[in-house]
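In: here's a sequence, model it:
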Amino acid sequence: MGQKPIGPARGFSMRVIDVIENARRDADVSQAELIQRTGMGRNTFYKKLRGEVPFNTNDIDVIAEALGCDPMLILRTAAKPALSVVGDPDTGDLSPKRATEKARESWNNGIEKRAAKKRPTDDDGK
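Out: Below is the predicted model:
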């Protein structure tokens with residue numbers, strides 16, 4: 001037997017739906033085309049899109065791949081309620097490609113900053 005559904009989508013899950021829809025529009029992909037690309041059942045997809053059932057992480061992964069964007073960016077964007085679109089808010093570029101680039105830049109900048117903190121400096125008293 002399958003698991004009992006946990007109920008309709010709430011706050012965060014509804015923002016995930018908004019982000020997915022914005023990413024789909026930005027990628028200029030119809031709902032029908034997205035359903036085909038993901039292999040999800042039509043009724044299942046629309047139930048999730050209406051918030052009757054939340055998208056799970058597997059769904060988000062498949063949808064992101066079909067749209068050419070990073071699944072973590074979908075989740076991060078949904079986690080920031082003030083940002084209702086996927087993309088680069090600094091430039092206004094909302095394309096999934098730019099969104100993925102922006103996420104990579106942010107990640108790499110964080111790695112570089114942490115590495116710089118660990119490096120000894122020339123004037124550290126030696």
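
In: how many neighbours does T57 have?
Out: Residues near T57, counting by other Cβ atoms under 10 Å, number 9. Heads up, the C-betas are built off the backbone N, CA and C, glycines and all.

In: tell me the spacing between the spatially closest residue to it that is not a sequence neighbour and Q31.
Out: Distances taken as Cβ to Cβ, 6 or more residues apart in numbering put P71 closest to T57, at 7.7 Å, once the chain neighbours are dropped. Separation of P71 from Q31 (Cβ to Cβ, to the nearest Å) stands at 19 Å.

In: these two - which one has more neighbours?
Out: The residue with more neighbours, out of P71 and Q31, is P71; 17 against 14, by other Cβ under 10 Å.

In: mind listing what's buried in stretch 61-81?
Out: Judged by neighbour count (16 or more other Cβ atoms under 10 Å), stretch 61-81 contains these buried residues: 62-64, 66-67, 69-71, 73-78.
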